[in-house]
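> Give me a model of this one.
(chains A and B)
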There are 2 protein chains.
Amino acid sequence: MSDDDRHHVVIIGCGFGGLFAAKALKRAPVRVTLIDRTNHHLFQPLLYQVATGILSEGQIAPAIRDILRNYRSLRVVLAEVEHIDTEAQQVHANELGHPVTIAYDSLIVAGGAVTSYFGHDEFRRDAAGMKSLDDALSLRGEIFGAFERAEAEDDEERRRALTTFVVIGGGPTGVEMAGQLKELSRRALRRNYRRIDPHATRVVLVEGGDKLVASMGDRLSRITARDLSRMGVEIHLGATVTSMDADGVDVTLANGSTERIDSATKVWAAGTRASPLGALLAESAGATIDKSGRVEVAPDCTVPGHPEIFVVGDLMALNNLPGVAEVAMQSGAHSALTIRRRLRGNEEAKPFTYHDLGTLAVISRFRAVAKVGPLRIGGFGGWLLWLVVHVTFLTGFKNRFGALARWTVSFVGRGRYERALVGPWDTGQDRSADSA
Amino acid sequence: MSDDDRHHVVIIGCGFGGLFAAKALKRAPVRVTLIDRTNHHLFQPLLYQVATGILSEGQIAPAIRDILRNYRSLRVVLAEVEHIDTEAQQVHANELGHPVTIAYDSLIVAGGAVTSYFGHDEFRRDAAGMKSLDDALSLRGEIFGAFERAEAEDDEERRRALTTFVVIGGGPTGVEMAGQLKELSRRALRRNYRRIDPHATRVVLVEGGDKLVASMGDRLSRITARDLSRMGVEIHLGATVTSMDADGVDVTLANGSTERIDSATKVWAAGTRASPLGALLAESAGATIDKSGRVEVAPDCTVPGHPEIFVVGDLMALNNLPGVAEVAMQSGAHSALTIRRRLRGNEEAKPFTYHDLGTLAVISRFRAVAKVGPLRIGGFGGWLLWLVVHVTFLTGFKNRFGALARWTVSFVGRGRYERALVGPWDTGQDRSADSA
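Predicted coordinates for the structure are as follows:
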């Protein structure tokens, strides 16, 4: 059978969903085309470590081509999908300026999620998201740049604003970011400055709900709040950011009062919405999308009326499953297995069932919270579990040891390797140019 | 004695010269202000490894504040020097937008060198220099981006131009860069692409003189040319680049004929000139500068008529000393020792004598050329020596092990960690905005 005769699976997106779909197709009698807008797979759970200088970008973002180099019948296309023609079964994309048309027999759409400012798109200018490598590098420049600007600042009030960090969103990303910012200032920058005292850095965590890491349950929420408070993180629950500018944020607190927090650096970890690919599918396949932009799928992850189109991961709306890496990995693999079964003549539509392996969040060095099956683990035990899971799952064997070495230096010692300010860090990068 | 009464040494620049001057003043009865335009010390000899994805930026560019955090009477100022008032003994600088005036008792000017396009400033647009971290990161995006564009390209000729790299300049930097580009394409990118054959990548090394690494002597020049040729690098000696555009370069060869080389990525390793700080000193201290912009100094590294001003490293013109890291380190330390001696009442002007510890260049994994005292070592012996020297001198204890681990992966294996394309890599960054 020549290459071109084989069933052609096109996968859009190489996050956890797309990558695990591709891997599950390794020995299948298909050829695979994997389309992504970037050249790297991103290990998103560790993005906050790039933003705070612990890991380098390469350590959490291996090149897709390199991860999949031994997948001989797989081709990687670096392109932005512009239209999906579900009638002709073709994907139209922009491949580095060239328009390309890629026909498919089966399509797996794993577009993931993008930062959502919940109707406040003007916040984008002042608060970096936490979804892409560009986000993290931009934040890294802002964070280390803020300390530099504070050291150069004569005005005490302004200096205070430059060393105040507001993290919006109390899910795992926001909690980890707030904890790391405090660690950074308490330990990593010690004795680095003569004028400012990084120890006096203010970290404010603003959460709209009444709990931190709500998905982990009451006990871990309480542990998280307690541990962060002990570190000196100021926590506002039931609080909403109503406006924002370059110098600070206005927050409406739970008691209805309004507070102005002067702060140069804001981190937006409050929310995401599904990739615009969902809207493309709604348009061309008549799919229904929910209010987060996710595509409502049948129990086997296919688009109703289009058994050849699968939607997985954060872009998929199914049984209220959360937008976490584990769901993406398992639904990606499930779609690939359905395709393999069909090629063997078995058309039975097996529903996707999610096996919750747990959630984890690091609070500080040696402290984390973990929910694994019926277990709820806080403190050092949670942290050890976090370490094991991340070392195990960090994609790419070589990166794993490098990351472990860095963690040793950062957690046991006080090092932050990646502090070099490069590019236009002191003029600020224009995030408003990003796509929503 | 209060801090402000102490003799105040101002050091401009934290390259090898400035850093070693600061270190030699650690226990002196002085206070020190170190001014740099960037927040990092740069280990320039390994810049080509950042450009080719082996090391991360943090591994060769530790934060200055962190290296010197235990120097209690030293202050780091992130600023650009705009004027030196040698009469009032004041440095005027722009500290992140704020004008600052810093008075000195002794001044050590260690401004280093910048890329020089030898009167062809228009080349800057098409050929990245190899002097700053921004240069290296910009090149990294261009190199890995060129392979991506080649993979997306239908036209074979254009594909060929995208996988042709022209390195201009056959000194150690150019030789190391050419060797690494060949290694990258031969080994690191193997099996990554479906359409292009990275193995077929063309690397052209253009050198104006009649020898590669001329400073290392005839034998090592021959070994270098032989090793690079065996790897497949095309070498043009006695050749000059006469014009350049986005698609290629025009070269006049040794025999007088002209050749057009179609190439998307050009690396300028042909030359440097002294930092513009030399011109500032010429203006205000009446110093003489040579044709490379270097300041002519007395045998003790001071500016004639200004015993309180020292010029060291690449900015210093003295006895035809080469612009290498060793000269900068030793002249920086020499100036500091002169200041310490004077503070003990010894005004004797000891001339600076350079101890040549040798030069090294890596050609490929396991092959390097080294000149150490009377020794000339090529091949594996030269490479081992290179490894020992770089692991020993790489500033910052922690970075050393990380770098060693990466080298193990890159030299023994085939890994290139840092391949993530970030920022505006596919639109090209506008280098023409850089200062000359």
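> From chain B, how far out is residue A:308?
24 Å (Cβ to the nearest Cβ, to the nearest Å). C-betas here are computed from N, CA, C, even on glycine.
> shouldn't that residue be in contact with residue A:105?
Yes. Assessed by Cβ atoms under 8 Å, residue A:308 is found in contact with residue A:105 at 6.7 Å.
> joint contacts of those two?
residue A:89 (Cβ atoms under 8 Å, 6 or more residues apart in numbering or on different chains).
> and stretch A:194-214, what's its mean pLDDT?
For stretch A:194-214, the mean pLDDT works out to 93.
> For it, buried residues please.
A:196, A:198, A:201-208, A:211-213 (16 or more other Cβ atoms under 10 Å in any protein chain shown).
> Of all pairs in those residues, which one is the farthest apart?
Greatest spatial distance among those (Cβ to Cβ): A:196 and A:211, at 33.4 Å.
> Output the contacting helices and strands for the strand or helix carrying residue A:330.
If you go by DSSP states H and E, residue A:330 is part of helix A:325-343. Based on contacts counted as 3 or more Cβ pairs under 8 Å, 6 or more residues apart in numbering or on different chains; DSSP states H and E, the elements that helix A:325-343 packs against are strand A:7-12, helix A:16-24, strand A:106-109.
> same thing but 6 Å
With contacts taken as 3 or more Cβ pairs under 6 Å, 6 or more residues apart in numbering or on different chains; DSSP states H and E, helix A:325-343 sits against helix A:16-24.
> got the buried residues for the helix it packs on?
By 16+ other Cβ under 10 Å, the buried positions in helix A:16-24 come out as A:16-24.
> now the buried residues of stretch A:194-214 as JSON lines including distance to chain B and secondary structure?
Below are these laid out as JSON lines (distance: Cβ to the nearest Cβ, whole Å; DSSP: H, G, I helix; E, B strand; the rest coil):
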{"residue": "A:196", "distance to chain B": "11", "secondary structure": "coil"}
{"residue": "A:198", "distance to chain B": "10", "secondary structure": "helix"}
{"residue": "A:201", "distance to chain B": "15", "secondary structure": "coil"}
{"residue": "A:202", "distance to chain B": "21", "secondary structure": "strand"}
{"residue": "A:203", "distance to chain B": "20", "secondary structure": "strand"}
{"residue": "A:204", "distance to chain B": "24", "secondary structure": "strand"}
{"residue": "A:205", "distance to chain B": "26", "secondary structure": "strand"}
{"residue": "A:206", "distance to chain B": "28", "secondary structure": "strand"}
{"residue": "A:207", "distance to chain B": "30", "secondary structure": "coil"}
{"residue": "A:208", "distance to chain B": "31", "secondary structure": "coil"}
{"residue": "A:211", "distance to chain B": "35", "secondary structure": "coil"}
{"residue": "A:212", "distance to chain B": "31", "secondary structure": "coil"}
{"residue": "A:213", "distance to chain B": "29", "secondary structure": "coil"}
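> of those, closest to residue A:168?
The nearest one, if we look at the buried residues of stretch A:194-214 relative to residue A:168 and count by Cβ to Cβ, is residue A:206, at 4.9 Å.
> Would you mind confirming that the closest one makes contact with residue A:240?
No. Under the criterion of Cβ atoms under 6 Å, residue A:206 makes no contact with residue A:240, lying 7.8 Å away.
> tell me the angle of the next helix or strand after the helix holding residue A:330 relative to helix A:325-343?
Under the assignment DSSP H and E, the closest C-terminal helix or strand after helix A:325-343 is strand A:359-364. Strand A:359-364 runs at 150 degrees relative to helix A:325-343, counting by axes from the mean of the first three to the mean of the last three Cα atoms, to 10 degrees.
> For strand A:359-364, which strands pair with it and how are they oriented?
Strand pairing for strand A:359-364, using DSSP bridges, gives strand A:367-372 (antiparallel).
> Now do the partner strand, average pLDDT.
Strand A:367-372 comes out with an average pLDDT of 83.
> How far does it sit from its chain's centre?
19 Å (Cα atoms, centre = their mean, to the nearest Å).
> Just the buried residues of the following helix or strand past that strand, please?
Next in sequence after strand A:367-372, counting helices and strands by DSSP H and E, comes strand A:375-377. Using 16+ other Cβ under 10 Å as the test for burial, strand A:375-377 gives A:376-377.
> angle of the host helix or strand of residue A:33 against helix A:325-343?
Assigned by DSSP H and E, residue A:33 falls within strand A:30-36. Orientation check (the same axes, to 10 degrees): strand A:30-36 against helix A:325-343 gives 150 degrees.
> And strand A:30-36, how far out from the chain middle?
So, by Cα atoms, centre = their mean, the centroid of strand A:30-36 is 23 Å from its chain's centroid.
> same check, this time on stretch A:5-25
So, by Cα atoms, centre = their mean, the centroid of stretch A:5-25 is 20 Å from its chain's centroid.
> Can you name the residues in contact with it?
Stretch A:5-25 is contacted by residues A:30-36, A:41, A:64, A:81, A:91, A:102, A:104-112, A:312-313, A:325, A:328-329, A:332-333, A:335-336 when judged by Cβ atoms under 6 Å, 6 or more residues apart in numbering or on different chains.
> Narrow these to those that are buried.
A:30-36, A:41, A:64, A:81, A:91, A:102, A:104, A:106-112, A:312-313, A:325, A:328-329, A:332-333, A:335-336.
> And residue A:391, how far from residue A:336?
For residue A:391, the distance to residue A:336 equals 25 Å [Cβ to Cβ, to the nearest Å].
> ugh, wrong one, residue A:105
Distance of residue A:105 to residue A:336, given as Cβ to Cβ: 13 Å.
> do the same with residue A:77
Distance, residue A:77 to residue A:336, using Cβ to Cβ: 18 Å.
> just to revisit the earlier point, what's the strand holding residue A:33 packed up against?
If you count contacts as 3+ Cβ pairs under 6 Å, 6+ apart, strand A:30-36 packs onto strand A:7-12, strand A:74-78.
> Indicate whether the next helix-or-strand element following that strand makes contact with chain B.
Beyond strand A:30-36 on the C-terminal side, the first helix or strand identified by DSSP H and E is helix A:47-51. No. Taking Cβ under 6 Å from any Cβ of the partner chain as the criterion, helix A:47-51 and chain B are apart, separated by no less than 9.8 Å.
> Who are the packing partners of the helix or strand that helix A:47-51 is followed by?
Under the assignment DSSP H and E, the closest C-terminal helix or strand after helix A:47-51 is helix A:57-60. Packing contacts for helix A:57-60, counted by 3+ Cβ pairs under 6 Å, 6+ apart, involve helix A:397-407.
> now with 10 Å?
For helix A:57-60, the packing partners by 3 or more Cβ pairs under 10 Å, 6 or more residues apart in numbering or on different chains; DSSP states H and E come out as helix A:47-51, helix A:133-151, helix A:397-407.
> can you put the ones you listed in JSON lines and add mean neighbour count?
Output for the helices and strands packed on helix A:57-60, formatted as JSON lines (neighbours: other Cβ atoms under 10 Å in any protein chain shown):
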{"stretch": "helix A:47-51", "mean neighbour count": "27"}
{"stretch": "helix A:133-151", "mean neighbour count": "22"}
{"stretch": "helix A:397-407", "mean neighbour count": "18"}
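> Could you dump these into CSV and include mean pLDDT?
Converted to CSV, the helices and strands packed on helix A:57-60 look like this (pLDDT from 0 to 100):
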stretch, mean pLDDT
helix A:47-51, 93
helix A:133-151, 94
helix A:397-407, 69
